[in-house]
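# Next one to model:
(chains A and B)
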There are 2 protein chains.
Amino acid sequence: VHAEFLTSLTGIAGTENVLHAPEDCWNYGYDNSRQHALPEAVVFPEDPQQIQAIVRLCNESNLPLVTRGRGTGTAGACVPLHAGLVLSTERMNNIIRADPGDRLMEVEPGVTNQEVQQRAAADNLFWAPDPTSASVCSVGGNLACNAAGPRAVKYGTSRENVLGLEAVTGTGDIIHTGVYTTKGVVGYDLTRLIIGSEGTLAVITRAILKLLPQPESKHTVQAFYSDIQSAAKAVVAIMRQPVTPCALEFIDGNAIELVRDHSDLVIPANTGAMLMIEVDGRADTINLESGRILEAARNEGLLEYRIATNDAENREIWAVRKALSPALRDIAPKKINEDVVVPVSRIPELIEGLDALGREYGIRIVNFGHAGNGNIHVNLLIDPDDPAQMQNSHECLMQVFRLVIRLNGTLSGEHGIGFVKRDYTSLEIDPQTMQLMRNIKSQFDPNNILNPGKLFPADTDS
Amino acid sequence: VHAEFLTSLTGIAGTENVLHAPEDCWNYGYDNSRQHALPEAVVFPEDPQQIQAIVRLCNESNLPLVTRGRGTGTAGACVPLHAGLVLSTERMNNIIRADPGDRLMEVEPGVTNQEVQQRAAADNLFWAPDPTSASVCSVGGNLACNAAGPRAVKYGTSRENVLGLEAVTGTGDIIHTGVYTTKGVVGYDLTRLIIGSEGTLAVITRAILKLLPQPESKHTVQAFYSDIQSAAKAVVAIMRQPVTPCALEFIDGNAIELVRDHSDLVIPANTGAMLMIEVDGRADTINLESGRILEAARNEGLLEYRIATNDAENREIWAVRKALSPALRDIAPKKINEDVVVPVSRIPELIEGLDALGREYGIRIVNFGHAGNGNIHVNLLIDPDDPAQMQNSHECLMQVFRLVIRLNGTLSGEHGIGFVKRDYTSLEIDPQTMQLMRNIKSQFDPNNILNPGKLFPADTDS
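Below you'll find the model as predicted:
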């Protein structure tokens, strides 16, 4: 960047809020996709007016502006591919207003998910989105990628749990979307258009979060099945009765083998798939509710089940799931982790198809995830020392995505597109719809300043 | 319309699917706003390709195209203000696919809400939106105005209960939005952008509806309060505990007086406000759940309550609510009915403010509605024979809306804008945001063919 740009930038945000030495900027160039690109400068604005001025400055200088929460995304959405300026929201981290009577909280984008949960818990409330990175990730980042997590099966994703936004568009206009209420039909729904847009439409400067009453207690059921068909049958049965679990997680046979090999956890022999089902509710009805879940979970393929009714037992049950990630890291540090979604009834076809692709391409594939939403984390355990596998992985991944689309699924349930998946989105979105999205983007950001090179396939870049 | 246009239109849709004689078109010119404008022709397309050709024809002829469901809207959204062509979806009324295992149903836009409910009920499922007109209104119309109803307090509005759409834009492109799954973050959320856009962006040709498991039983609590403050306090308390009711309806003191005068229903003396609270759930827990609701409903202002645990008792309790509409029609056939929303804790301020405005302008105002969402139906009982009232009503309405905005509310919770409320929307939406909505509209519909003169204020018409 030119010295003139830096002078203007420090004029807007103050010297203490600007980094430009490469060694200082370095940390703001990566995210959890393990991709990296060095930004030319980093700015830490403190209010929407500063952001407005920064956006206008970037327009004048034709410099890319990449908004960054805490860099926990896995799709590279906040990696500054084309260099330019990184706008970090970490110093806009105030809870503006907690309003328990109206079950809402107004926050700046840099507040972490955990800070929201802690503040809400003081009033016996919670905010639904619960990504794995909740302790560090920011609300702004959560909204940029429509973050979810296990609880989404009962409580929905970010989109269902935000009432309104303040944001600065790519033209530097400060806009206000949505309402302070749980209903509202005045004008177009720009709130949900901006949520999930990965910083390509606007910089979120304030969010009105919808809160929910905390449940009083929790039961967890762990159910082992002989095969994936039986587990999937149980998932459908559970989702068809009126007690919706607050988590309905699935681990496939390959993942179970891995846990068995890398931990001393006791897992029944012949287990082909496992479910972990969490039910939350009121203290006086939770027994009846977990009983109903067990009833739905029971079928001829159920080998064994355990039920946890207190915190210690709960932790023991989740140990299997928690043992999985280190085991995966151990044996495949270069694994490719996708988060595809299929309708729940198609989960067996997905898993069988993935097994077949694994055999065809000589790549070990293990699967687990949020079965209640059909959101399966597909892990291709690539061996970086095997040149054949490295070569096959791209083609294999393409076949995985084709399979998902054939099953009426979608390429991503919560991780987003960023640039890691951008060239696959044409498999899912037809050219007319893609062009319309491009046109909408051009109304928010005519000079393509905001996060260029993300979300849209490279071959549609103008 | 020119003969040439009619020839092209019948060429596209068939003679049997086109009306052009004014006496035949007449019925397609009104809706439940009691406004009327005569369309130049009416077409009943049978598939998306016909709609595509019709949209292109209207572009070539520069003729407005107004999509119409069953005309049950109250804001004039489907009244063909600028004449042109009315596109009725009533012959696209097929349920394409019911998939109970994945809890979804794919339908054409002309299917009625009731037909969806009946088909879903066969699998013990339901679709959440339950507008008063459910027995006749179409799904397409429900989505155009983001229809809701009492159940929205627990299950959400149309936006939260649709997975994806097929639609024809104002340029004649067939687009596909959303997914077949309950999660998905690929591309921008065009589904929710189109829902609630009142036919100004695209013609919906197919919808993927998200279904929910039917509850097994229902209890209804009727609670009489001495004053509005106590009733509002109960609403906040009910919404803060973990049993969310499936309806939380409110009737103010003025409305109660009306019911008392026009029916033989027994209502406690000194009743200043009433709540009707419906709880649904499973047979084995419903008693505990309605008990918890009662606990939250109880405060020093509670005069008396009744609880209904079977259908006959339920009907008796709802009789008070049902007596209200005929009473209102009797005494004020020209009433103005709004559906404003405020945060639930602000309901007392709203009702007090409305009482003050009623006194100031000499207009009787009665209020009832969906208190759990803060969505209050405000009825201005205008006497058409009183010239002073008629003159005052516009100014009074403006003051009502200003009050709502001051309380952080929104002008409409479910009825929409149409043209009846278009000139008030600037009170709620700032100029930058409004201009952005206009710009988005221009990408879907550059020639402003689709439902011109609706949703946006007249002074922003280009």
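# Which residue ranges of the stretch 251-400 of chain A form helices?
Using DSSP state H, counting those that start in this stretch, the helices found in the stretch 251-400 of chain A span residues A:253-262, A:286-297, A:311-331, A:347-361, A:387-406.
# Comparing those helices, which yields the minimum mean pLDDT?
If you rank the helices of the stretch 251-400 of chain A by mean pLDDT, helix A:311-331 sits at the bottom with a mean of 84.
# Going along the chain, name the strands of the stretch 101-250 of chain A.
In the stretch 101-250 of chain A, strands defined by DSSP state E, counting those that start in this stretch lie at A:104-107, A:125-126, A:162-169, A:174-178, A:202-210, A:212-213, A:217-225, A:247-252, listed in chain order.
# can you tell which of the helices of the stretch 251-400 of chain A is closest to chain B?
helix A:286-297 (5.0 Å; CB to the nearest CB). In this view, the C-beta of every residue, glycine as well, is placed from N, C-alpha and C.
# got the CA positions of the closest one in CSV?
This file holds the C-alpha atoms of helix A:286-297, laid out as CSV (Å, rounded to 0.1, in the frame of the first residue of the first chain):
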residue,chain,number,x,y,z
ILE,A,286,-36.9,-35.0,30.9
ASN,A,287,-37.3,-38.6,31.9
LEU,A,288,-40.4,-39.0,29.8
GLU,A,289,-38.6,-37.2,26.9
SER,A,290,-35.5,-39.3,26.9
GLY,A,291,-37.7,-42.4,27.2
ARG,A,292,-39.5,-41.3,24.0
ILE,A,293,-36.2,-40.8,22.2
LEU,A,294,-35.1,-44.3,23.3
GLU,A,295,-38.3,-45.7,21.9
ALA,A,296,-37.6,-44.1,18.5
ALA,A,297,-34.0,-45.1,18.6
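# check whether it contacts chain B.
Yes. Helix A:286-297 comes into contact with chain B (CB under 8 Å from any CB of the partner chain), by way of A:288, A:289, A:292.
# Report the distance from that helix to the chain centre.
Counting by CA atoms, centre = their mean, to the nearest Å, helix A:286-297 is centred 29 Å from the centre of its parent chain.
# Equivalent analysis for stretch A:283-292, please.
Using CA atoms, centre = their mean, the distance from the centre of stretch A:283-292 to the centre of the chain it belongs to is 30 Å.
# List the buried residues of it.
Within stretch A:283-292, the residues that count as buried by 16 or more other CB atoms under 10 Å in any protein chain shown are A:285, A:286, A:287, A:289, A:290, A:292.
# which ones are touching the last one?
The contact partners of residue A:292, by CB atoms under 8 Å, 6 or more residues apart in numbering or on different chains, come to A:241, A:243, B:282.
# I'd like the distance between the closest residue in space to the first one that isn't next to it in sequence and residue A:317.
Among residues not flanking residue A:241 along the chain, residue A:296 sits closest, at 5.3 Å (CB to CB, 6 or more residues apart in numbering or on different chains). Counting by CB to CB, to the nearest Å, the gap from residue A:296 to residue A:317 is 18 Å.
# Likewise for residue A:255?
Per CB to CB, residue A:255 is found 15 Å from residue A:317.
# Among the two, which residue is more densely surrounded?
When neighbours are counted by other CB atoms under 10 Å in any protein chain shown, residue A:255 comes out ahead of the other of residue A:255 and residue A:317, with 25 against 18.
# so residue A:20 touches residue A:43, yeah?
No. The pair residue A:20 / residue A:43 is not scored as a contact, 9.5 Å apart, by CB atoms under 8 Å.
# These two - which one has more neighbours?
A count of neighbours by other CB under 10 Å puts residue A:43 above the other of residue A:20 and residue A:43, at 26 against 18.
# List the beta-bridge partners for that one.
Beta-bridge partners for residue A:43, by DSSP bridges, are residue A:18, residue A:87.
# my read: it touches residue A:88, true?
Yes. Counting by CB under 8 Å, residue A:43 does reach residue A:88; the two are 7.2 Å apart.
# residues in contact with the closest residue in space to residue A:333 that isn't next to it in sequence?
Spatial nearest neighbour of residue A:333, excluding adjacent residues (CB to CB, 6+ apart): residue A:384 at 7.7 Å. Counting by CB under 8 Å, 6+ apart, residue A:384 touches A:333, A:334, A:390.
# could those residues be laid out in TSV, adding neighbour count?
Formatted as TSV, the contacts of residue A:384 follow (neighbours: other CB atoms under 10 Å in any protein chain shown):
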residue	neighbour count
A:333	12
A:334	14
A:390	14
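# ok, now how distant is residue A:344 from chain B?
Counting by CB to the nearest CB, to the nearest Å, the gap from residue A:344 to chain B is 6 Å.
# hmm, I was thinking of residue A:38
For residue A:38, the distance to chain B equals 27 Å [CB to the nearest CB].
# Next, count neighbours for the residue lying closest to that residue once chain neighbours are set aside.
Excluding the flanking residues, the one nearest residue A:38 by CB to CB, 6+ apart is residue A:29, at 4.9 Å. Residue A:29: 22 surrounding residues under other CB under 10 Å.
# Kindly report the same for residue A:122.
Residue A:122 is flanked by 9 other residues according to other CB under 10 Å.
# Now do the contacts for the nearest residue to it once chain neighbours are set aside.
Spatial nearest neighbour of residue A:122, chain neighbours left out: residue A:98 (8.0 Å); criterion: CB to CB, 6+ apart. Residue A:98 is in contact with A:105, A:119, A:120, A:122, A:123, counting by CB under 8 Å, 6+ apart.
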